[in-house]
Each structure stands twice: as C-alpha cells, then as structure tokens.
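Asker: Please work out how this folds:
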Amino acid sequence: MLVICAVMILVCSGMILYILNRIYNLEFRTQLYLRGHIFVMALYIGVFIFLGQVFGGLLVGIRKVGEVMFSFLFTCILSDVFFYFIVMLLSYKFPAVLPLLAVFLLQLVFSFIWINFFGKLYSKKFRPYDVLLIYSGDSIENFKKKLKERTDQFNVLEVLWADVDMEELKSTIDRYNTVMLWDIPAKKRNIIFKYCYEESKRIYVMPKISDIILNGSSPVHLFDTPLLLTEGNPLEYEERIIKRTVDIILSLLLIILTSPVMLITAAAIKLCDRGPVFYKQVRCTKNSREFNIIKFRSMIENAEKKGVAVLAEENDPRITPVGRFIRKMRIDELPQLFNVLKGDMSFVGPRPERPEFIRKFRETMPEFTYRMKVRAGITGYAQLYGKYNTLPYDKLKFDLYYIEQYSIWLDIKLMILTLKILFTKESTEGTKDRVTAADTGLDERMENGGDPEE
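Answerer: Got it, this is the predicted structure:
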C-alpha cells in the first residue's frame, strides 16, 4: 500500500513539475533551474502528503473506495491551490489558470482509476478480520449496526456476553485472532484484556471516560515506580495564549473577508419577511459560563411558539426561502465569528449546549461538565468524527479525547477537515420525519442542542 500511495504522489507531482518547467517557469522574472525546481516541488509534495494524511486521501484499502476518492479530491484541490500561490508569488501576477486546471483534471482521472482498481484489489486479496465481540451493557445493538457498515474491515462471527464463565470465555477467545471488548466493567475487562494480550490477540477496546483522560497523561519519573500525571486544566498556559491569539487573528481576517457576504445576507433576510436578521440563543462555554450564540435567522419568527425545542425537518416548512439557501451554504454560521472574536467561543472545541440541557444531562452523565474545561467551538472533534445519530456519551468521549490530546497541530488538522465536512450532505440535513421534543427524548435534544435553527 505504501508503494501504491507513493506512485500516486509521484505521478500527480510529475504533472505539476511538467507545467512548472514548460509553462509557468517562462513567466517568472527570474527563471528557476534545478535547485529552484527541487525547492518548489519539495514544498508541493510536503503539502500534498500532509493534506493526504489529514483528509485520508492516501488510505487506499484502509477506507472505502468512495471515501478515499472524495478525500483525494480535497487533497488535490488544496495542494494545487497552494502551488498556484507559489507560482503567483514568483511571477508577480495572476498566471494563467487553464494549465493548472487541465493538470487537476488529469490528476483526478488517474487517481480515481488508480484508487478504484487497487482499492477493490485490496478488498479481494485481504479478507476482513474474523471478530469475536465480547460485550456488556445495553448499547450493543447500536454498535453491531455500526460494525455492519464496515464489513470490509470486520466480520463478526460470534457475540459473547462478558459475564459467562471465564473458562468458556478463554476457550472462545482461543479460536479468534481479533477480539472486541464492548462496554465491559473495568474489573472484568482487565482480566479479559490481559488474557488476550498474553495470547497475542488483536484487541479493540471501547474506552471508558477515565481511559481517555489517562490517554492524555504525561509519564513522570520521580523514583523507581512509574507515575502518570493528569492535570485538571488540560491546556498549558502557553497553549491557551497561542490558541486565543490564533482565534483573534483568524476571526478578524474572516470577518473582513466575509463582510460583503454577511451584508448581502442580512439585507436578504430583512427583505424576505421584515423580521430580525439574527437568531440568538443562550449557550454554555468554558467553566459553564453562559453567552448568546449568534446566527443568521433561517426560520420564520417564533419557530418555537410553545418554547419547546423542535428539531428541524429535512423539508421543514418553518425554513424561509433565504434560510434554506444560507443553511445549505453554511452562511448562517458566519456571525459566530463575532462570538470567537469576543472570546465566548473558539474555532475548535466542544459544541456549545443550552444550560437547561446541561443541567438535565448531568443527572445521568455527571462527566458531561468535563467538556467545558475549554471554550466551546464552531467545529470540533465530535462534530467531525461523530454522526447525526452518534450517542451523546460517545460524543462526550470525542470531546474529551480532543481536550486531552490537544495541540496546535490538532487544531489545524480539524480546521482543515472542516472544509471537507462542509460538503457532506449528512451535516446539513435535518430529520426526515416531523419530530417534536416529546418524541425525541433527551438524547436527541442534546444532540441537536434544541436549536430549531440547526
């Protein structure tokens, strides 16, 4: 697979090198020679590999063929845009775009044929893992449905309850090379896990909250006993300073760049039904501090007449004609840039929730407050890696993983990934059927924040 990805990178880079040498180099004030070509191509290949890893466009065989193709599309687009900026800087003008567009199309044709051929060849040559699923808890059916979506990777041959006799468990485990441990109490899980590790099994484990927190801990060597250090404030002081500085600079820049779009949108909303331009709602951010989140109004006024949260439908009649367009294009989210500039939110962080939902949710999930150790974010780990129907407890784990594994590079990766998510249908659509708050229950209301504008 490494060779397959290397060939993809070399072929796509070779096309860029061809137009750099034969077309764009002639437009530079100072033409490039060998070292210049090497420097430009090193930058291009570096960005290409970085974006390929971020988007998953190089994971041929590991992910589904369609997903890899879609990811590779974004890898090519952003890499070629980066190359165009380099050419623009070297030529002191806006060079012709057509040669680059032609190469871009050739890159897509080649890579899609390549990915499709070797992706299918991989799936034929390498069978999915035969899996023994050992479980406890009540959410096993939901997890089994998820496994059925990845039959290219996992073939669950047997499902076994964790509370059976240990000798029966061991004898069953001996027949498999891959074992999944799902929602098993810590004491029992440790016994099973150690036996699987001793027998050199491939082990997938559903982590507990404490596992995720410990995963972000630091080893401490004070004496001859290993220690792990986890602090109550996961972000270091300098990390908080850098994160806030990036938020201020980036929000100011985007507000300036998108101000024409926001002005046109505000005028269109006002002309549509003479109602208010903005929609505000109380949410919670770091340390449970309340603030007003701001969006462009995409629904009729008083969409929640009874004051009860009602989820948006796929073809919700409450959505205005202008609102339908700005929701589809994500323009309704732009005013949140002012929330970021003010300090209520960050670009990356856990999704802000309504205070009444947080209070209610803490009754069954006290750990929910852990996610408010950092500012709420416009985008985040749970928003990107979770789905519309992901369980709130799993979304909490995603948020905690982000908090404990925080780094500036992780923020950059998630912001880049957001570009890809913006073009996926799932993240823009509402529910398919008419649903009320009474129908959905707490989990789904928490999942949607009870916000009709979403």
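Asker: domain parsing for the protein?
Answerer: Recorded structural domains for the chain (assignment: automatic domain parsing) are 2-125, 129-206, 237-448.
Asker: How about the backbone phi and psi for I294?
Answerer: phi -120, psi 130 (degrees, to the nearest 10).
Asker: where in the stretch 1-150 of the chain is pLDDT low?
Answerer: Within the stretch 1-150 of the chain, not a single segment meets pLDDT under 70.
Asker: I'd like to know how many residues surround F28.
Answerer: Here the neighbour count serves as a burial measure; for F28 (other Cβ atoms under 10 Å) it reads 16. Quick note: C-beta positions are derived from backbone N, CA and C, even for glycine.
Asker: Spit out the contact partners of it.
Answerer: Contacts for F28 (Cβ atoms under 8 Å, 6 or more residues apart in numbering) come out as L90, S91.
Asker: Just to be sure, Y44 is in a strand?
Answerer: No. Counting by DSSP: H, G, I helix; E, B strand; the rest coil, Y44 falls outside a strand, being helix.
Asker: What distance do you get for it to I113?
Answerer: Between Y44 and I113 the distance, using Cβ to Cβ, to the nearest Å, works out to 22 Å.
Asker: who has more neighbours, these two?
Answerer: Summary of the neighbour comparison: Y44 and I113, criterion other Cβ under 10 Å, with Y44 having more neighbours (21 against 10).
Asker: so how far is M15 from that one?
Answerer: The spacing between Y44 and M15, counted by Cβ to Cβ, is 11 Å.
Asker: Please, where are all the helices along the stretch 301-450 of the chain?
Answerer: All helices of the stretch 301-450 of the chain, identified by DSSP state H, counting those that start in this stretch, fall at 321-328, 336-342, 355-361, 381-385, 392-404, 408-421, 437-448.
Asker: quick one: which of those helices is nearest L132?
Answerer: Shortest separation from L132 across those is recorded for helix 392-404, at 22.0 Å, computed as Cβ to Cβ.
Asker: So in this structure, which helix runs the longest?
Answerer: With DSSP state H setting the assignment, residue counts place helix 237-273 as the longest helix in the chain.
Asker: May I see the buried residues of it?
Answerer: Going by neighbour count (16 or more other Cβ atoms under 10 Å), the buried part of helix 237-273 is K243, V246, D247, S251, I255, M262, T265, A268, I269.
Asker: check contacts around F72.
Answerer: With contacts taken as Cβ under 8 Å, 6+ apart, F72 has the following neighbours: M8, G52, F55, G57, L58, S111, F112, I115.
Asker: Please repeat the previous calculation with a cut-off of 6 Å.
Answerer: Shown here is F72, whose contacts under the criterion Cβ atoms under 6 Å, 6 or more residues apart in numbering are G57, S111.
Asker: How about R362?
Answerer: When the contact criterion is Cβ under 6 Å, 6+ apart, the partners of R362 are F368.
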